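Visitor: Based on what follows, work out the 3D shape:
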Amino acid sequence: MKKYLAKLIFKVRVEEQPQRFEFDEQMRVLFARNAEEAFYKARSLGKKEEEVFKSGGEKNIAWLFIDVLALYAIETANDGEQLYSRTYKMQDENSFIHYVKQKSMEIQVKNLNFA
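Guide: Numbers count the residues shown, from 1 in each chain. As a prediction, this is how the structure comes out:
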């Protein structure tokens, strides 16, 4: 097994704040036989972590997985370990989601055999 670092992007949606565009960027360590398996494992992990929950103020908060933004082969770390997280706040939700999807497609075309 090889180790990979995947950058996952989540959209954070807060009830009653539809104009608030917030995104969370996470770096995850994955064990896989190759880059293709690591990519799909990263996508599966992101989908599994989508959730809706109540905040302390009783508002619904939704974490929605967007896609894999980057994938890197690495030498040491623990499987599934979050190494990095970043939250984005911006005005143009669609442009950011488009950017993430484009970067994910570049991974497929450039590095993997399944594009």
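Visitor: can we go C-alpha only for contacts and neighbour counts from here?
Guide: Fine.
Visitor: Flag every buried residue along the top strand by length along the chain.
Guide: Looking only at the chain and at elements set by DSSP state E, the strand with the highest residue count is strand 60-74. Across strand 60-74, burial judged by 16 or more other C-alpha atoms under 10 Å covers 61-73.
Visitor: Over to stretch 102-109?
Guide: Neighbour-count burial for stretch 102-109, with 16+ other C-alpha under 10 Å as criterion, is recorded at 103-105, 107-108.
Visitor: mind checking the longest helix of this protein?
Guide: Longest among the helix segments of the chain by residue count, using DSSP state H, is helix 93-111.
Visitor: which other helices and strands contact that helix?
Guide: strand 60-74 (3 or more C-alpha pairs under 8 Å, 6 or more residues apart in numbering; DSSP states H and E).
Visitor: let's see it at 10 Å
Guide: Contact partners of helix 93-111 among helices and strands, from 3 or more C-alpha pairs under 10 Å, 6 or more residues apart in numbering; DSSP states H and E: strand 2-14, strand 21-32, helix 35-48, strand 60-74.
Visitor: Give me the angle between the shortest one and helix 35-48.
Guide: Going back to what we said before, that points to strand 21-32. For the pair strand 21-32 and helix 35-48, the angle between their directions (axes from the mean of the first three to the mean of the last three C-alpha atoms, to 10 degrees) equals 130 degrees.
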